[in-house]
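> Need a 3D model of the sequence below.
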Amino acid sequence: MNEKKEGLAEIMVDFATALESACVNLKRYATDFVNAEEKPLWDPDKIKWTEAEGQNGKYERSEDVNSGDFKNLLKDLAAHGGRLNRLGYFYWSFSKSAVVGRKKKE
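The predicted model follows:
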């Protein structure tokens, strides 16, 4: 019976050590997450925009597929369901195409 207790105690110590290690990592990741600077993945000033007019009035659009910033904008839009607000503009992606529209928020 004593061997069973020792074996169980060893398992419990191993489990507690694993939990402790996981908690230390969680604290580190949480601190990194809170202290991380928001670095934009794309700069709208580095994307070529052209004026256009649609059903809801004037807006700007871009098909600047050769721009890394445009590609990152497309990824960001995809991660946000095709719409997002940033720096006073509303951005959206057109379905099934590499075209983005933007309109100044009023």
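> use CA for all of it now, contacts and neighbours both
Noted.
> Now do the domain split for the protein, please.
Following automatic domain parsing, one finds the domains of the chain at 1-36, 44-104.
> among these, which is the most enclosed?
Neighbour counts (mean count of other CA atoms under 10 Å) averaged over each of the domains of the chain peak at domain 44-104, with a mean of 15.
> Okay, now the unreliable bits of the protein?
Low-confidence segments of the chain (pLDDT under 70): 1, 29, 31-40.
> give me that answer again for 80
Low-confidence segments of the chain (pLDDT under 80): 1, 4-5, 24-25, 27-40, 106.
> Pull the distance from the longest helix seen in it to the chain's centre.
Assignment by DSSP state H gives helix 2-35 as the longest helix of the chain. Relative to its chain's centre, helix 2-35 lies at 30 Å (CA atoms, centre = their mean, to the nearest Å).
> Kindly report the same for stretch 57-71.
Offset of stretch 57-71 from its chain centre (CA atoms, centre = their mean): 19 Å.
> What is the end-to-end distance of that stretch?
This stretch, stretch 57-71, spans 26 Å end to end (CA to CA, to the nearest Å).
> now stretch 93-106
Using CA to CA, one end of stretch 93-106 lies 20 Å from the other.
> ok, residues contacting it?
58-63, 65, 74, 77, 82-83, 88-92 (CA atoms under 8 Å, 6 or more residues apart in numbering).
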